[in-house]
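Colleague: for reference, the sequence and a predicted model appear below.
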Amino acid sequence: MRRSVDEHLEVVLGRVRPLPPFEQPLMEALGLVLCEDVISPVSLPGFDNSAMDGYAVRAADLAGASQENPITLPVVGEIAAGRSEPIVVTGGTCVRIMTGAPMPRGADSVVPVEWTDGGAATVRITQTPALGASVRWAGEDLRAGDKVMDADTVLGPRQIAVLAAVGRARVKVRPRPRVVIVSTGAELREPGSRLGEGQIYDSNSYTLAAAARQAGAVVYRVGIVDDDPKKIMDTLSDQLVRADLVITSGGVSKGVYDVVKEVLTKLGTIDFPEVAMQPGKPQGFGVMGDDEVPIFTLPGNPVSAYVSFEVFVRPALRKLMGAMPFGRQAVQGVVMDAFTSPPGRRQFVRAAATSGDEGWMASTVGGHGSHLLGGLSRSNALIVVPEDVTAVRAGDQAELWLLDEETG
Ligand SMILES: Nc1nc2c(c(=O)[nH]1)N[C@H]1C(S)=C(S)[C@@H](COP(=O)(O)OP(=O)(O)OC[C@H]3O[C@@H](n4cnc5c(N)ncnc54)[C@H](O)[C@@H]3O)O[C@H]1N2
Ligand code: MOO
Ligand SMILES: [Mg+2]
């Protein structure tokens, strides 16, 4: 079976459902998608209060006050922020007041301390305030009953600010997907261990764990499992209970020990199409277990696994989290060097992209082979070459996926 990239993505997104929302403490909701309209139970400000450290006055008492003609008023009390003093400003008096403190009854304006001698018992005032000057009125920001945020908003620091300010300790959000990650391959060893003949370090489970965590998931990196059908099935069955999504790498091509494909094909719920892309042609997707947990079986070649994550797994994670759009936002840019591209396959070429006066420019890095991992650390973009393009020339325009840019 052969599928285009778009067809395979459609199959993936067709099987993945947003996770059910639940209440989370405010800080745990950072980066997640809000699942309720938020109505403020309070007005902001909640009460008339001073915008300045100074004196609460009746503006009319200070008509004509100036440097040459200062007016002196008795100070009948003091109100700090957080206090609520039953003081009344009657005609010809004032109250010392701090920023954020409730306005006393009778006062209509605030004179900043800089316009005065700062007196405690009496104060000499050298300017006339406008009526209502330096007063922050109850409800001028928002009113109790106002909708302050819509469902589907992604919660960042600015949204958390508003939720806290209206007194929300918990909010309804879609949770972080729990992602189980398994590397298959008898040749794999954990970084930090000694390599024997023919062995390599497992980089895929780290790549995928890092990418999934950055995309908002809670990651369970199981690590390495041998190319043994029973071990692979047992591991996946054990892990399913804590997974909203499973990712494996390796064992999906045509080798004698490519057993992931062999054992999971038998389940009948996972397809192994040839996806018309490069890299990432051999891979599988389906669901496992009674809960129909989505599972991606990505190819073992490191660049193939990573690119497949960006093309298929990231959109699936975004859909689980309820984050729109599912796909990456792309920019147009100029490709700086020439290369060929296989006919009939969408090619994703790793590149270093920069933006300048002329817009985005991208140079390929690290070669095209899907085993060539070295250049990946210098890349920050993928050049997307359509199926019908077989040669890209220096100076051509292309779609660029910026990999370090947050998508929402
Ligand atoms: N006869 C054919 N052979 C291959 C084909 C094909 O169409 N016909 N496709 C090639 C392509 S394209 C890809 S991609 C790979 C897919 O390989 P598998 O998914 O079967 O993965 P493995 O055979 O287990 O490993 C491939 C390669 O990647 C290395 N690897 C695997 N896991 C890791 C890991 N966790 N960290 C680092 N490197 C890993 C592994 O050592 C192999 O070198 O198949 C081609 N072959
Ligand atoms: O399709 Mo493989 O993923 O090119 O190396
Ligand atoms: Mg193989």
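Modeller: Thanks, I have it. Ligands and ions are numbered 1, 2, ... in the order given.
Colleague: quick check: bridge partners of the closest residue to Pro129 other than its chain neighbours?
Modeller: Of all residues not flanking Pro129 in the chain, Ser109 sits nearest, at 4.4 Å (CB to CB, 6 or more residues apart in numbering). For the C-beta atoms, the positions are set from N, CA and C on the backbone; glycine is no exception. For Ser109, the beta-bridge partners are Val57 (DSSP bridges).
Colleague: up against ligand 2, what does the stretch 151-300 of the chain have?
Modeller: Gln278, Pro279, Gly280, Lys281, Pro299 (CB under 6 Å from any ligand atom).
Colleague: out of those, which one sits closest to Pro325?
Modeller: Among these, Gly280 lies closest to Pro325 (CB to CB), at 21.1 Å.
Colleague: in space, what's closest to that closest one - neighbours in sequence excluded?
Modeller: Sequence neighbours aside, Ser308 is the residue nearest to Gly280 in space, at 4.2 Å (criterion: CB to CB, 6+ apart).
Colleague: list the buried residues of whichever strand or helix holds that neighbour.
Modeller: Assessed by DSSP states H and E, Ser308 sits inside helix 302-308. Neighbour counts over helix 302-308 (16 or more other CB atoms under 10 Å) mark Pro302, Val303, Ser304, Ala305, Tyr306, Val307, Ser308 as buried.
Colleague: could those residues go into a markdown table alongside distance to Gly289 and pLDDT?
Modeller: Formatted as a markdown table, those follow (distance: CB to CB, whole Å; pLDDT from 0 to 100):
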| residue | distance to Gly289 | pLDDT |
| --- | --- | --- |
| Pro302 | 28 | 97 |
| Val303 | 30 | 97 |
| Ser304 | 26 | 98 |
| Ala305 | 23 | 98 |
| Tyr306 | 26 | 98 |
| Val307 | 27 | 98 |
| Ser308 | 22 | 98 |
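Colleague: related to what we said a few turns ago, and the residue nearest to Pro129, how far is that from ligand 1?
Modeller: Distance, Ser109 to ligand 1, using CB to the nearest ligand atom, to the nearest Å: 70 Å.
Colleague: on that earlier part again, quick one: the helix holding Ser308 near ligand 3?
Modeller: No. On the criterion CB under 5 Å from the ion, helix 302-308 is out of touch with ligand 3, staying 10.7 Å away.
Colleague: how far is that helix from where the chain is centred?
Modeller: With CA atoms, centre = their mean, to the nearest Å as the basis, helix 302-308 stands 22 Å off its chain's centre.
Colleague: and for stretch 350-366?
Modeller: 24 Å.
Colleague: thinking again about what came up before, contacts made by the helix holding Ser308 with the rest, please.
Modeller: With contacts defined as CB atoms under 8 Å, 6 or more residues apart in numbering, helix 302-308 is touched by 203-204, 207-208, 211, 249, 277, 279-281, 283, 296, 298-299, 348, 350, 369-373, 376, 382.
Colleague: so which of these are in helices?
Modeller: Asn204, Thr207, Leu208, Ala211 (DSSP state H).
Colleague: and the next helix or strand past whichever strand or helix holds Ile224?
Modeller: According to DSSP H and E, Ile224 maps onto strand 218-225. Counting by DSSP H and E, the element after strand 218-225 in chain order, helix or strand, is helix 229-240.
Colleague: list the buried residues of that following helix.
Modeller: Neighbour counts over helix 229-240 (16+ other CB under 10 Å) mark Ile232, Met233, Thr235, Leu236, Gln239, Leu240 as buried.
Colleague: before we move on, back to that, also within reach of ligand 1: list those from the contacts of helix 302-308.
Modeller: Filtering the contacts of helix 302-308 for proximity to ligand 1 by CB under 6 Å from any ligand atom leaves Ser203, Asn204, Ser249, Pro279, Lys281, Pro299, Ser370, His371.
Colleague: what's the most distant pair in those residues?
Modeller: Longest span within those, CB to CB: Ser203 and Lys281, 19.9 Å.
Colleague: of these two, which one has the most company?
Modeller: Under the criterion of other CB atoms under 10 Å, the comparison of Ser203 against Lys281 puts Lys281 first, with 20 against 17.
Colleague: and the pLDDT for the more buried one?
Modeller: On the pLDDT scale, Lys281 is placed at 97.
Colleague: of the residues of the stretch 151-300 of the chain next to ligand 2 - the most surrounded one?
Modeller: Busiest of those [other CB under 10 Å] is Gly280, holding 28 neighbours.
Colleague: quick one, what contacts that one?
Modeller: Leu298, Pro299, Ser304, Val307, Ser308, Val311, Phe348, Ser370.
Colleague: who are the contact partners of the first one?
Modeller: By CB under 8 Å, 6+ apart, the contact set of Leu298 is 204, 208, 247-249, 252, 280, 283, 304-305, 308-309, 313.
Colleague: so Arg96 makes contact with Gly77?
Modeller: Yes. Contact criterion CB atoms under 8 Å: Arg96 and Gly77 qualify, at 7.2 Å.
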